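*Asks:* turn this into a model:
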Amino acid sequence: MIPTLVWNGFVLSKLWYWFMVPTFNCAPLGVVPAIGIQLIISLIVSKVDKNLSQDTLEQTVYQIASAFVIPLFFLIVGAFVSLFL
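*Replies:* Here you go, the predicted model:
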């Protein structure tokens, strides 16, 4: 869980730097504040998984992989889009 928070915070801080700083003239966002923002966003949009008791190894591997792959996808797309700013 902690590596996921740090990874998401890093990705959020990079996306913030690429898009929010030049667009709105905001201050850059560090990784630690980005982790806090990520926690707030997760709390607001979280949903209760009704199948927690049916957790299998396959589901666990999928959840861990998606926790790193989805932010990586956003980071790659964000890096590409930032080239056009």
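*Asks:* so, low pLDDT: which residues of the protein?
*Replies:* For the chain, the stretches with pLDDT under 70 are 47-55.
*Asks:* which parts of it are helices?
*Replies:* 2-15, 21-24, 31-45, 57-82 (DSSP state H).
*Asks:* now those helices in a markdown table, with mean neighbour count?
*Replies:* C-beta here means a position set from N, CA and C on the backbone, and glycine is covered the same way. Below are the helices of the chain laid out as a markdown table (neighbours: other CB atoms under 10 Å):
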| stretch | mean neighbour count |
| --- | --- |
| helix 2-15 | 18 |
| helix 21-24 | 10 |
| helix 31-45 | 13 |
| helix 57-82 | 12 |
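*Asks:* next, the contact list for Leu85, please.
*Replies:* For Leu85, the contacting residues are 18-19, 22, by CB atoms under 8 Å, 6 or more residues apart in numbering.
*Asks:* just send those residues back as TSV, with distance to Val81 too.
*Replies:* What follows is the contacts of Leu85, written out as TSV (distance: CB to CB, whole Å):
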residue	distance to Val81
Trp18	8
Phe19	8
Pro22	12
